[in-house]
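1. after the sequence you'll find the predicted model.
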Amino acid sequence: MNRGNATGARAASAGWPSTGGGNWLYFDVHGLVRIRVEAGHPSERSVRLVFGPFQTDGQDSADLTLQYRVPEMGEHSFASESYLFGDGHVYLKDYRLHLMRTGEQFTLASRRDLLPFVPPVVQTLLLRRQHCLVHSAAVAVGERGVLLPGWGGTGKTSAIICLLKQLPEAAFMSDDYAIVSEDGRVLSFPKAFFIYPYHRGLFPHLFQARHKPLVPVWLSGMLERLRTVVRPTIMAFPRLENLARRFTPEHMQVPARTALPDARFVEIAGIDQVLFVERYSGGQARLDELAPAEVTRRLMGNWYYEQGRCARDLLLGAAGVGVLDYESYFGGMARVLRSALGGRKVYRLRMGQMSPGQTGQAVIDAVREILRG
């Protein structure tokens, strides 16, 4: 029997919206969250880039389903001009997207790329299992897990590469997302790297066999800002968006093991140190200690913002009509992070305007200092 059809039948009997059969792609994130994507969906490529390391051959059920078919709303209520909703479901008019909750399972349905809307749902599912996602790089130095959270553009990628090159005992875990457990562990999330023109010195092997031409460094910032502005509009046209992804010249996306062919990868480590990395208006790099409560607030705010506008709109609307839960979401994050960081020293590294190499060296020096402490 075709596994996709069998799974579709099981989904229908469980009360899920059915796609009417067909094949599925399956992903299992550390046994904590199971995701399935309808094969051929515009989300397929982007989901593979983020969740590819967790892809499996198949599974009996899923916590989150991404599919084409948006069901009929039937009788519904209105929330402002942006949302239609009923018991357990909400429709985002601006994105033509439907989120449904059936018991403990969720379905996102639209004919556009759904990846930008996935983070708040995955976070909700992780929190049920006493884990949460943070916007952070992570390495394991021997048996010691080091989290490197920070805002976008602070140099986490440069820092990770320098750590792996200069510390022989360092192993790669995450570049952008990491999973933190309530009992103080960090779980890897080796999603694809975003490679920009200014990363040429860090990834020379990628620029020797480039996947696509990249613009000069001085143009990349402007094009990235332009892409951010037009993305909400272009998302309504999946084929055009996928084409744009292939040829956008400001970056390329490369699987972690392709970007780091010589690195050692580790899946789980105990959190030993946390180094929050940020840019500031001063000159020299400055290292100081932060209260764990302050870092908890920063990690929560940083995660909420870095999800992006689409995810924030989904979270606000779905929680506002009861499909998601604000208290469980933010309260759960605070609980997991307070427990995970409890009793650990947390540091902040502030850096001025530095090149990628200088950024990496500043982080290396800070990590060495706090590990010695």
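-> Great, that's in hand. This is a predicted model, so every value here is computed, not measured. Numbers count the residues shown, from 1 in each chain.
2. contacts and neighbour counts: CA atoms only from here.
-> Noted.
3. you'd agree A291 is up against V346?
-> Yes: in this structure, A291 is within contact of V346 by Cα atoms under 8 Å, at 6.8 Å.
4. the strands in the stretch 51-200 of the chain, which residues?
-> Applying DSSP state E, counting those that start in this stretch to the stretch 51-200 of the chain gives strands spanning 55-56, 64-67, 77-79, 83-86, 89-92, 97-102, 105-109, 131-141, 144-149, 170-174, 177-181, 185-187, 193-195.
5. which neighbours in the sheet does the fourth one have, and how are they oriented?
-> Within its sheet, strand 83-86 is paired with strand 77-79 (antiparallel), strand 89-92 (antiparallel), according to DSSP bridges.
6. pLDDT weak spots in the stretch 251-373 of the chain?
-> 251, 373 (pLDDT under 70).
7. let's see that with 90 instead.
-> 251-254, 279-280, 282-285, 291-293, 295, 342-345, 351-364, 367-373 (pLDDT under 90).
8. where along it do the strands fall?
-> Along the stretch 251-373 of the chain, the stretches classed as strands by DSSP E, counting those that start in this stretch are 252-254, 268-279, 286-290, 346-351.
9. hmm, back to that, mean pLDDT and distance to C310 added to the strands of the stretch 51-200 of the chain, as CSV?
-> Formatted as CSV, the strands of the stretch 51-200 of the chain follow (pLDDT from 0 to 100; distance: least, Cα to Cα, whole Å):
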stretch, mean pLDDT, distance to C310
strand 55-56, 94, 24
strand 64-67, 96, 16
strand 77-79, 88, 17
strand 83-86, 92, 14
strand 89-92, 94, 10
strand 97-102, 95, 11
strand 105-109, 97, 13
strand 131-141, 96, 17
strand 144-149, 94, 22
strand 170-174, 96, 23
strand 177-181, 97, 18
strand 185-187, 97, 26
strand 193-195, 83, 19
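10. quick check: which of these is nearest to T359?
-> strand 144-149 (12.7 Å; Cα to Cα).
11. and stretch 136-149, how far apart are its ends?
-> Terminal residues of stretch 136-149 lie 4 Å apart, using Cα to Cα, to the nearest Å.
12. just the buried positions in it, please.
-> 136-141, 143-149 (16 or more other Cα atoms under 10 Å).
13. ok so, going back, out of the strands of the stretch 251-373 of the chain, flag the one nearest T124.
-> When those are compared by Cα to Cα, strand 268-279 sits nearest T124, at 21.0 Å.
14. can you pull the contacts of the nearest residue to Q130 once chain neighbours are set aside?
-> Take Q130 and drop its neighbours on the chain: the residue closest to it by Cα to Cα, 6 or more residues apart in numbering is E182, 5.5 Å away. By Cα atoms under 8 Å, 6 or more residues apart in numbering, E182 lies in contact with Q130, H131, R335, V336, L337, S339, A340.
15. G352: neighbouring residues, count only.
-> 16 (other Cα atoms under 10 Å).
16. identify the residues contacting the closest residue in space to it that isn't next to it in sequence.
-> Using Cα to Cα, 6+ apart and skipping the chain neighbours, the partner closest in space to G352 is G283 (4.9 Å). Taking Cα under 8 Å, 6+ apart, we find G283 in contact with M351, G352, Q353.
17. also V295?
-> F276, V346.
18. where's it relative to S328, distance?
-> 19 Å.
19. buried set for stretch 85-98?
-> Buried-residue list, stretch 85-98, by 16+ other Cα under 10 Å: F85, G86, G88, H89, V90, Y91, L92, Y95, L97, H98.
20. any weak-confidence spans in the stretch 101-250 of the chain?
-> Scanning the stretch 101-250 of the chain for pLDDT under 90 picks out 142-143, 151-163, 165-168, 193-250.
21. which stretches in it count as helices?
-> 118-128, 156-166, 204-208, 217-234, 238-247 (DSSP state H, counting those that start in this stretch).
22. picking that back up, show me which of A291 and V346 is the more surrounded one.
-> V346 (22 against 11).
23. relative to P292, how far out is that one?
-> Using Cα to Cα, V346 is found at 6 Å from P292.
24. for G58, same thing?
-> 40 Å.
25. ok so, going back, let's have the strands of the stretch 51-200 of the chain in CSV, adding distance to Y305.
-> Shown next, in CSV, are the strands of the stretch 51-200 of the chain (distance: least, Cα to Cα, whole Å):
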stretch, distance to Y305
strand 55-56, 27
strand 64-67, 22
strand 77-79, 23
strand 83-86, 21
strand 89-92, 19
strand 97-102, 21
strand 105-109, 21
strand 131-141, 10
strand 144-149, 13
strand 170-174, 19
strand 177-181, 13
strand 185-187, 21
strand 193-195, 18
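26. wait, which of those strands is closest to F265?
-> Among those, strand 170-174 sits nearest to F265 (Cα to Cα), with 4.8 Å.
27. L148 reaches A140, doesn't it?
-> No: using Cα under 8 Å, L148 makes no contact with A140, being 11.2 Å away.
28. quick check: nearest residue in space to Y26, chain neighbours excluded?
-> The nearest residue in space to Y26 (Cα to Cα, 6+ apart) is R36, at 4.5 Å.
29. also L287?
-> L349 (4.6 Å).
30. tell me how many other residues crowd the one you found.
-> When neighbours are counted by other Cα under 10 Å, L349 registers 21.
31. kindly report the same for D60.
-> What D60 shows, counting by other Cα under 10 Å, is a neighbour count of 12.
32. gap between it and R34?
-> 10 Å.
33. re earlier: for the strands paired with strand 83-86, which one sits closest to R45?
-> That would be strand 89-92 among the strands paired with strand 83-86, by Cα to Cα, at 22.9 Å.
34. alpha carbons of that closest one, as CSV, please.
-> Coordinates of each C-alpha in strand 89-92 appear next as CSV, following Å, rounded to 0.1, in the frame of the first residue of the first chain:
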residue,chain,number,x,y,z
HIS,A,89,-9.4,27.4,13.8
VAL,A,90,-8.4,30.8,12.4
TYR,A,91,-8.1,32.2,8.9
LEU,A,92,-5.6,35.0,8.1
